[in-house]
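**Q** predicted model, plus sequence, below.
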Amino acid sequence: MTSYYIYAILPRGVDLPTDLRGFHGSPLETVDVMDLTAVVASQDDEAITPTAERVQAHHEVVTALRRVGPAIPVRFGTILQNAEALRDALVKQRDALISDIERLAGKVEFGITTLWGDALDGLQRPDPLGRALAGPGADYMWQRLAEVQWEDQLRELAETLQETMDERFAGLSEDTMYHVLPSPKIPLRLRCLVEARKSAEFEVAFAELRRQCAEFKFSLVGPWPPYSFVTSGAEEVPGTHAAKYG
Amino acid sequence: MDEFKPQSRDIALVELLDRVVDHGVVLSGDITISVADVDLIYLGLRLLIRTPLESDLGRARRKPASDNEESDDFLLHLRNSTERG
């Protein structure tokens, strides 16, 4: 039975690039439902294995569609059994999809990851061995206390960096998702929703941030389609919430 | 002032994976592919990617549970790249 692999949703009436292809050169089709168009590829498989090549191909299709209209990406791996199942899904989520399309039109996503670099050089790590020994149980508790105190110091420094970044990107980022201390080596990750026409301005602000906070290391990715800011259907899958980053 | 230049392409790939697989519209209805399957595979990928970042802090190493050779090659490459850094 032929099923549909779904790449993206667009407002109905957008002309698609004629040379655009899906996985392994598969031709793309459109399915119109009310005022929406789904960009799909027919396939016989009922499941698709995530590989780097397919993830990249999915991204390239979405990126190409964003050039011709306010396409919102569908999560990788979404396959519906037939046109009727696709139609039902779009009808059910039509309002949320239209809302996402309007909110995310003309916007791109940047991601910034930071590393501590030299920023920890001035911090004094608590030393539990400096305490008087009082037995294994007490030693363990002193050790735990030292770890908690150290994490508190890291978090405080990460939050200071977050405030600096807030100020630096004020007026440029329409929406920002922060993840403070996602791991002990990474003080901060953030994703910014930026108007596409302000991309160059955002990159200049990032360069200024690197100069301002030279003790940290920074990595910038994007501009990409606003994957992280799509909310349609996020509540359908436990643990998947676009608004919750982390 | 510094940037993760030696691994910037790999970092971009990991970031892209994180977005394309874990974000975007979730269409409900008669979904043939089990989204949970993707989650499980993705969980394996994330564990593999995250482990090197955590390893020198004494966290337990975990092995991926993916049976997909192509994905494993890709992720092994990412892990090695990260460890080199």
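**A** Sure, I can see it.
**Q** every contact and neighbour count from this point should use C-alpha atoms.
**A** OK.
**Q** wait, does stretch A:74-85 contact chain B?
**A** Yes: on the criterion C-alpha under 8 Å from any C-alpha of the partner chain, stretch A:74-85 is in touch with chain B at A:74-81, A:85.
**Q** out of those, what pair is the most spread apart?
**A** The largest separation in these, counting by C-alpha to C-alpha, is between A:Phe76 and A:Ala85 at 17.4 Å.
**Q** element containing A:Gly194, please.
**A** Residue A:194: Val, not Gly. Per DSSP states H and E, A:Val194 falls inside strand A:186-195.
**Q** to clarify, my last question referred to A:Trp142.
**A** helix A:136-168.
**Q** still on that earlier bit, more crowded one of A:Phe76 and A:Ala85?
**A** A:Phe76 (27 against 20; other C-alpha atoms under 10 Å in any protein chain shown).
**Q** state the pLDDT value of the residue nearest to the more buried one when sequence neighbours are not counted.
**A** The shortest distance from A:Phe76 to any non-neighbouring residue, by C-alpha to C-alpha, 6 or more residues apart in numbering or on different chains, is to B:Val21 (4.9 Å). According to the prediction, B:Val21 has pLDDT 80.
**Q** burial count for B:Val21?
**A** The burial count for B:Val21: 21, using other C-alpha under 10 Å.
**Q** start and end of stretch A:86-106, how far apart?
**A** End-to-end distance of stretch A:86-106 (C-alpha to C-alpha, to the nearest Å): 26 Å.
**Q** pull out the buried positions in that stretch.
**A** Neighbour-count burial for stretch A:86-106, with 16 or more other C-alpha atoms under 10 Å in any protein chain shown as criterion, is recorded at A:86-90, A:93-94, A:96-98, A:100-101, A:104-106.
**Q** one more: stretch A:169-182?
**A** Applying 16+ other C-alpha under 10 Å to stretch A:169-182 flags A:169, A:172-173, A:176-181 as buried.
**Q** now, these that are in strands?
**A** Judged by DSSP state E, strands contain the following of those: A:173, A:176-181.
**Q** low-scoring pLDDT stretches of chain A, where are they?
**A** A:1, A:45-47, A:128-134, A:233-246 (pLDDT under 70).
**Q** can you give me the strands in it?
**A** A:3-11, A:29-33, A:36-43, A:72-73, A:79-80, A:107-115, A:173-183, A:186-195, A:217-224.
**Q** pick the most deeply packed of these.
**A** strand A:72-73 (a mean of 30; mean count of other C-alpha atoms under 10 Å in any protein chain shown).
**Q** paired strands for that strand, with orientation please.
**A** Paired neighbours of strand A:72-73 in the sheet (DSSP bridges): strand A:3-11 (antiparallel).
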